[in-house]
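Please find the sequence and the predicted model below.
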Amino acid sequence: MYANNGQSIIGWLELAVSSRWQGAIAAVHPIDLDQHQPCCGVTVDQRWLCGSDGALTLFDSISAATRFLNLLNVERIAKGGRRDCVIAEQKTLQCFQLGAKGITACNKCLARDGAHS
């Protein structure tokens, strides 16, 4: 699978169930989206973590990304380098946050004005 910009991606389900990824190291990267709200993205073997629809999965914090990866049984997590990413269409992104109810969808990484929802 490839993201809109031609980069390889990995879906959540594949990461969770495929034996190919057992023991893989996931890297959590700080990302600036068009100079908006800073978020984190995840790569596994240079592949961006995406949903089944190919939408890039983002997190509002490193702790949210780490918790999500733990839910997928990924135990080896490293801090990746900063990545700048320009996404033309918001519908190609999905953002999650860690709160009192666990991991929930949010639009923090999508807010044009940097405001939190």
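Happy to help now that I have it.

got the CA positions of the strand or helix carrying Thr57 in CSV?
In the assignment (DSSP states H and E), Thr57 maps to strand 56-59. Extracted C-alpha coordinates of strand 56-59, given in CSV (Å, rounded to 0.1, in the frame of the first residue of the first chain):
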residue,chain,number,x,y,z
LEU,A,56,-2.5,8.8,7.9
THR,A,57,-2.9,8.1,11.6
LEU,A,58,-1.7,10.9,13.8
PHE,A,59,-1.7,11.4,17.6
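
elements contacting it?
Using 3 or more Cβ pairs under 8 Å, 6 or more residues apart in numbering; DSSP states H and E, the elements in contact with strand 56-59 are strand 25-33, strand 39-44, strand 47-50, helix 62-71, strand 93-99. (C-beta placed from N, C-alpha, C; glycine too.)

residues near the residue nearest to Gln7 when sequence neighbours are not counted, how many?
Once flanking residues are discounted, Gln7 sits nearest to Trp48: 6.0 Å by Cβ to Cβ, 6 or more residues apart in numbering. Applying other Cβ atoms under 10 Å, we find 23 residues neighbouring Trp48.

I'd say Trp48 and Trp12 touch.
No: contact criterion Cβ atoms under 8 Å: Trp48 and Trp12 do not qualify, at 11.6 Å.
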